[in-house]
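Q: 3D, please:
(one chain, ligands or ions: 2)
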Amino acid sequence: MNVILLGPPGAGKGTQAQRLGDAFNLAPLSTGDMLRDEVKSGSNLGKTAKEIMDAGLLVPDDLIISMISDRIDHQSGDGVILDGFPRTTAQAVALDDMLEAKNLRMDFVIQLDVDEDAIVERLSGRFSCTECGAGYHDVFAKPSEDGVCDKCGSTEFSRRSDDNPETIRSRLQAYRDQTAPILPFYSEKGVLKTVDGMGAMEVVFNDIKEVVSAG
Ligand code: AP5
Ligand code: MG
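A: Ligands and ions are numbered 1, 2, ... in the order given. Predicted structure coming up:
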(Lines give C-alpha, C1' and ligand atoms only; values in the text may rest on other atoms or scores of the structure.)
(Ligands and ions follow the chains in the order given, each with its own letter.)
Protein backbone atom coordinates (compact mmCIF):
# COMPACT_ATOMS: atom_id res chain seq x y z
CA MET A 1 0.00 0.00 0.00
CA ASN A 2 1.27 3.48 -0.90
CA VAL A 3 -0.07 6.58 0.80
CA ILE A 4 0.46 10.34 0.51
CA LEU A 5 -0.14 12.52 3.58
CA LEU A 6 -0.99 16.04 2.46
CA GLY A 7 -1.51 19.07 4.64
CA PRO A 8 -0.13 22.43 5.69
CA PRO A 9 2.88 22.84 8.00
CA GLY A 10 2.06 21.40 11.41
CA ALA A 11 -0.94 19.39 10.18
CA GLY A 12 0.56 16.28 11.77
CA LYS A 13 2.00 14.61 8.66
CA GLY A 14 5.20 13.47 10.37
CA THR A 15 3.37 12.39 13.54
CA GLN A 16 0.85 10.29 11.63
CA ALA A 17 3.36 8.93 9.08
CA GLN A 18 5.32 7.38 11.93
CA ARG A 19 2.25 5.72 13.44
CA LEU A 20 0.90 4.51 10.11
CA GLY A 21 4.33 3.18 9.17
CA ASP A 22 4.57 1.16 12.38
CA ALA A 23 1.01 -0.17 12.07
CA PHE A 24 1.15 -1.23 8.41
CA ASN A 25 4.88 -1.86 7.86
CA LEU A 26 5.21 1.09 5.49
CA ALA A 27 8.31 3.24 5.05
CA PRO A 28 7.69 6.91 5.93
CA LEU A 29 9.52 9.11 3.40
CA SER A 30 9.66 12.78 4.37
CA THR A 31 11.31 15.13 1.88
CA GLY A 32 11.68 17.66 4.71
CA ASP A 33 13.65 15.13 6.81
CA MET A 34 15.79 14.20 3.79
CA LEU A 35 16.60 17.86 3.19
CA ARG A 36 17.44 18.42 6.87
CA ASP A 37 19.83 15.42 6.66
CA GLU A 38 21.47 17.05 3.62
CA VAL A 39 21.82 20.31 5.55
CA LYS A 40 23.41 18.46 8.47
CA SER A 41 25.85 16.65 6.18
CA GLY A 42 26.96 19.95 4.60
CA SER A 43 26.38 18.64 1.04
CA ASN A 44 25.89 21.02 -1.89
CA LEU A 45 22.20 20.18 -1.93
CA GLY A 46 22.06 20.91 1.80
CA LYS A 47 23.69 24.30 1.34
CA THR A 48 21.21 25.25 -1.40
CA ALA A 49 18.26 23.91 0.60
CA LYS A 50 19.10 25.57 3.95
CA GLU A 51 18.54 29.13 2.73
CA ILE A 52 15.33 28.23 0.93
CA MET A 53 13.92 26.32 3.91
CA ASP A 54 14.74 29.08 6.38
CA ALA A 55 12.87 31.50 4.11
CA GLY A 56 9.85 29.17 4.13
CA LEU A 57 9.96 28.69 0.35
CA LEU A 58 9.97 25.50 -1.70
CA VAL A 59 13.16 23.81 -2.88
CA PRO A 60 13.23 23.49 -6.73
CA ASP A 61 11.20 20.59 -8.15
CA ASP A 62 14.08 18.91 -10.02
CA LEU A 63 16.17 18.55 -6.85
CA ILE A 64 13.26 17.08 -4.92
CA ILE A 65 12.14 14.70 -7.66
CA SER A 66 15.55 13.08 -8.13
CA MET A 67 15.98 12.79 -4.35
CA ILE A 68 12.67 10.96 -3.79
CA SER A 69 12.83 8.62 -6.80
CA ASP A 70 15.95 7.00 -5.43
CA ARG A 71 14.39 6.55 -1.97
CA ILE A 72 11.25 4.89 -3.35
CA ASP A 73 13.50 2.37 -5.11
CA HIS A 74 15.44 1.55 -1.97
CA GLN A 75 12.76 1.49 0.72
CA SER A 76 12.07 -1.66 2.66
CA GLY A 77 8.54 -2.47 3.76
CA ASP A 78 5.15 -3.10 2.19
CA GLY A 79 4.91 0.34 0.63
CA VAL A 80 5.64 4.00 1.33
CA ILE A 81 4.03 6.93 3.09
CA LEU A 82 4.99 10.14 1.38
CA ASP A 83 5.11 13.04 3.84
CA GLY A 84 5.65 16.50 2.34
CA PHE A 85 5.81 15.27 -1.25
CA PRO A 86 4.38 16.07 -3.74
CA ARG A 87 4.03 19.78 -3.00
CA THR A 88 3.57 21.27 -6.47
CA THR A 89 1.71 20.26 -9.61
CA ALA A 90 5.04 19.47 -11.33
CA GLN A 91 5.96 17.13 -8.45
CA ALA A 92 2.53 15.41 -8.56
CA VAL A 93 2.88 14.80 -12.31
CA ALA A 94 6.46 13.57 -11.90
CA LEU A 95 5.34 11.21 -9.12
CA ASP A 96 2.66 9.74 -11.38
CA ASP A 97 5.23 9.07 -14.11
CA MET A 98 7.67 7.66 -11.56
CA LEU A 99 5.10 5.24 -10.12
CA GLU A 100 4.03 4.10 -13.56
CA ALA A 101 7.64 3.41 -14.55
CA LYS A 102 8.12 1.40 -11.35
CA ASN A 103 4.82 -0.44 -11.81
CA LEU A 104 3.40 0.98 -8.59
CA ARG A 105 0.27 2.93 -7.76
CA MET A 106 -0.87 5.43 -5.15
CA ASP A 107 -3.68 3.93 -3.09
CA PHE A 108 -4.64 6.85 -0.84
CA VAL A 109 -4.00 10.56 -0.71
CA ILE A 110 -5.01 11.69 2.76
CA GLN A 111 -5.50 15.37 3.35
CA LEU A 112 -5.14 16.41 7.00
CA ASP A 113 -7.47 19.32 7.56
CA VAL A 114 -6.42 21.76 10.33
CA ASP A 115 -7.23 25.34 11.37
CA GLU A 116 -4.46 27.84 10.77
CA ASP A 117 -4.63 29.05 14.41
CA ALA A 118 -3.69 25.59 15.65
CA ILE A 119 -0.72 25.43 13.29
CA VAL A 120 1.23 28.23 14.96
CA GLU A 121 0.61 26.71 18.39
CA ARG A 122 1.74 23.28 17.19
CA LEU A 123 4.87 24.47 15.44
CA SER A 124 6.04 26.86 18.12
CA GLY A 125 5.92 24.05 20.73
CA ARG A 126 7.55 21.35 18.61
CA PHE A 127 10.92 19.81 19.47
CA SER A 128 12.64 16.52 18.76
CA CYS A 129 15.30 14.22 20.14
CA THR A 130 18.67 15.05 18.59
CA GLU A 131 19.78 11.45 18.93
CA CYS A 132 16.87 9.40 17.48
CA GLY A 133 14.60 12.08 15.95
CA ALA A 134 11.52 11.22 18.09
CA GLY A 135 9.05 14.12 17.93
CA TYR A 136 7.59 15.96 20.95
CA HIS A 137 5.54 19.02 21.85
CA ASP A 138 5.76 21.34 24.87
CA VAL A 139 2.05 20.84 25.61
CA PHE A 140 0.61 18.06 23.43
CA ALA A 141 3.35 15.41 23.49
CA LYS A 142 5.75 15.80 26.40
CA PRO A 143 8.29 13.05 27.21
CA SER A 144 7.13 10.97 30.22
CA GLU A 145 10.16 12.17 32.14
CA ASP A 146 10.98 15.82 31.63
CA GLY A 147 14.14 16.27 29.52
CA VAL A 148 14.60 12.56 28.72
CA CYS A 149 13.66 10.97 25.39
CA ASP A 150 11.08 8.17 25.82
CA LYS A 151 12.52 6.22 22.91
CA CYS A 152 16.31 6.33 23.41
CA GLY A 153 16.94 7.99 26.79
CA SER A 154 18.93 10.87 25.29
CA THR A 155 18.76 14.25 27.02
CA GLU A 156 19.59 16.30 23.90
CA PHE A 157 16.71 17.98 22.07
CA SER A 158 16.49 20.50 19.26
CA ARG A 159 13.99 22.81 17.59
CA ARG A 160 13.70 23.49 13.85
CA SER A 161 15.09 26.81 12.62
CA ASP A 162 12.02 27.26 10.36
CA ASP A 163 9.58 27.03 13.30
CA ASN A 164 9.55 30.78 13.95
CA PRO A 165 6.50 33.01 13.34
CA GLU A 166 7.88 34.75 10.24
CA THR A 167 8.98 31.56 8.46
CA ILE A 168 5.75 29.80 9.48
CA ARG A 169 3.80 32.57 7.68
CA SER A 170 5.83 32.03 4.48
CA ARG A 171 5.44 28.24 4.72
CA LEU A 172 1.69 28.63 5.03
CA GLN A 173 1.63 30.94 2.03
CA ALA A 174 3.66 28.44 0.00
CA TYR A 175 1.14 25.75 0.98
CA ARG A 176 -1.83 27.86 -0.11
CA ASP A 177 -0.24 28.99 -3.38
CA GLN A 178 1.65 25.91 -4.55
CA THR A 179 0.44 22.81 -2.69
CA ALA A 180 -3.31 23.22 -2.12
CA PRO A 181 -3.84 23.48 -5.92
CA ILE A 182 -2.80 19.82 -6.33
CA LEU A 183 -5.80 18.60 -4.29
CA PRO A 184 -8.17 18.64 -7.33
CA PHE A 185 -5.59 16.57 -9.26
CA TYR A 186 -6.04 13.73 -6.75
CA SER A 187 -9.72 14.31 -6.25
CA GLU A 188 -10.28 13.74 -9.99
CA LYS A 189 -8.39 10.46 -9.73
CA GLY A 190 -10.76 9.37 -6.94
CA VAL A 191 -8.00 8.73 -4.38
CA LEU A 192 -8.35 11.85 -2.21
CA LYS A 193 -9.71 11.40 1.34
CA THR A 194 -9.99 14.16 3.89
CA VAL A 195 -9.43 13.53 7.61
CA ASP A 196 -10.09 16.06 10.36
CA GLY A 197 -6.63 16.78 11.78
CA MET A 198 -7.88 18.85 14.72
CA GLY A 199 -8.57 15.98 17.13
CA ALA A 200 -6.07 14.43 19.52
CA MET A 201 -3.26 12.49 17.83
CA GLU A 202 -4.84 9.09 18.62
CA VAL A 203 -8.22 10.19 17.27
CA VAL A 204 -6.67 11.42 14.01
CA PHE A 205 -4.73 8.18 13.74
CA ASN A 206 -7.87 6.07 14.18
CA ASP A 207 -9.62 8.08 11.46
CA ILE A 208 -6.69 7.50 9.08
CA LYS A 209 -6.68 3.79 9.88
CA GLU A 210 -10.38 3.64 9.11
CA VAL A 211 -9.81 5.28 5.72
CA VAL A 212 -7.05 2.89 4.66
CA SER A 213 -8.81 -0.16 6.06
CA ALA A 214 -12.04 0.67 4.23
CA GLY A 215 -10.09 0.46 0.94
P1 AP5 B 1 8.59 19.71 5.97
O2 AP5 B 1 9.59 19.16 6.89
O3 AP5 B 1 7.80 18.81 5.12
O4 AP5 B 1 7.67 20.69 6.81
P5 AP5 B 1 6.13 21.10 6.70
O6 AP5 B 1 5.35 20.64 5.52
O7 AP5 B 1 6.14 22.56 6.92
O8 AP5 B 1 5.47 20.27 7.79
P9 AP5 B 1 5.97 20.08 9.27
O10 AP5 B 1 7.01 19.02 9.31
O11 AP5 B 1 6.27 21.39 9.89
O12 AP5 B 1 4.62 19.58 9.96
P13 AP5 B 1 3.97 18.15 10.07
O14 AP5 B 1 2.69 18.17 9.27
O15 AP5 B 1 4.93 17.05 9.78
O16 AP5 B 1 3.57 18.17 11.60
P17 AP5 B 1 4.13 17.33 12.85
O18 AP5 B 1 3.61 15.93 12.75
O19 AP5 B 1 5.57 17.52 13.04
O20 AP5 B 1 9.33 20.77 4.99
C21 AP5 B 1 10.21 21.74 5.49
C22 AP5 B 1 10.76 22.58 4.33
O23 AP5 B 1 11.51 21.72 3.43
C24 AP5 B 1 9.71 23.25 3.41
O25 AP5 B 1 9.29 24.50 3.94
C26 AP5 B 1 10.48 23.38 2.10
O27 AP5 B 1 11.38 24.46 2.14
C28 AP5 B 1 11.31 22.09 2.06
N29 AP5 B 1 10.60 20.98 1.38
C30 AP5 B 1 10.21 19.80 1.96
N31 AP5 B 1 9.60 19.02 1.05
C32 AP5 B 1 9.61 19.71 -0.13
C33 AP5 B 1 9.09 19.45 -1.43
N34 AP5 B 1 8.44 18.30 -1.71
N35 AP5 B 1 9.26 20.40 -2.38
C36 AP5 B 1 9.92 21.56 -2.12
N37 AP5 B 1 10.42 21.87 -0.92
C38 AP5 B 1 10.26 20.96 0.08
O39 AP5 B 1 3.34 18.07 14.02
C40 AP5 B 1 3.69 19.37 14.43
C41 AP5 B 1 3.65 19.49 15.95
O42 AP5 B 1 2.30 19.36 16.38
C43 AP5 B 1 4.45 18.40 16.70
O44 AP5 B 1 5.07 18.96 17.82
C45 AP5 B 1 3.39 17.37 17.11
O46 AP5 B 1 3.74 16.76 18.33
C47 AP5 B 1 2.15 18.25 17.26
N48 AP5 B 1 0.93 17.56 16.82
C49 AP5 B 1 0.78 16.72 15.74
N50 AP5 B 1 -0.48 16.28 15.66
C51 AP5 B 1 -1.17 16.84 16.70
C52 AP5 B 1 -2.51 16.77 17.16
N53 AP5 B 1 -3.42 16.02 16.53
N54 AP5 B 1 -2.85 17.49 18.26
C55 AP5 B 1 -1.93 18.27 18.89
N56 AP5 B 1 -0.63 18.37 18.53
C57 AP5 B 1 -0.24 17.67 17.43
MG1 MG C 1 6.96 17.00 9.20
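Q: Within range of ligand 1, give me the residues from the chain.
A: 7, 9-15, 30-32, 35, 52-53, 56-59, 64, 84-85, 87, 91, 122-123, 125-126, 135, 137, 140-141, 171, 200-201, 204 (CB under 6 Å from any ligand atom). Yep, even glycine has a C-beta here, placed from its N, CA and C like the rest.
Q: Now a ChimeraX select for only the buried ones of the residues you listed.
A: Here is the ChimeraX command that selects only those of the residues of the chain next to ligand 1 that count as buried (16 or more other CB atoms under 10 Å):
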select :7,9,10,11,12,13,14,15,30,31,32,35,53,56,58,59,64,84,85,87,91,122,123,125,126,137,141,171,204
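Q: which residues of this structure fall in strands?
A: Using DSSP state E, the strands found in the chain span residues 3-6, 27-30, 80-83, 108-113, 126-129, 135-137, 157-158, 192-196.
Q: quick one: contacts for the residue of the chain found nearest ligand 1?
A: At 1.9 Å from ligand 1, Gly32 is the closest residue in the chain, using CB to the nearest ligand atom. By CB atoms under 8 Å, 6 or more residues apart in numbering, Gly32 lies in contact with 14, 53, 83-84.
Q: Cross those against helices and list the overlap.
A: 14, 53 (DSSP state H).
Q: mind putting the contacts of Gly32 in CSV, pLDDT included?
A: What follows is the contacts of Gly32, written out as CSV (pLDDT from 0 to 100):
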residue, pLDDT
Gly14, 96
Met53, 98
Asp83, 98
Gly84, 97
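Q: so which of the strands of the chain comes closest to Gly42?
A: Taking CB to CB, strand 157-158 is the member of these nearest to Gly42, at 16.8 Å.
Q: what packs against the closest one?
A: Contacts defined by 3 or more CB pairs under 8 Å, 6 or more residues apart in numbering; DSSP states H and E place strand 157-158 against strand 126-129.
Q: List the buried residues in the strand it packs on.
A: 126-129.
Q: contacting residues around that strand?
A: By CB under 8 Å, 6+ apart, strand 126-129 touches 10, 134-138, 149, 151-152, 154, 156-160, 163.
Q: Which strands border that strand, and is each parallel or antiparallel?
A: Paired strands of strand 126-129, with direction, are strand 135-137 (antiparallel), strand 157-158 (antiparallel) (DSSP bridges).
Q: possible to save the ones you listed as JSON lines with mean pLDDT?
A: Below are the strands paired with strand 126-129 laid out as JSON lines (pLDDT from 0 to 100):
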{"stretch": "strand 135-137", "mean pLDDT": "96"}
{"stretch": "strand 157-158", "mean pLDDT": "98"}
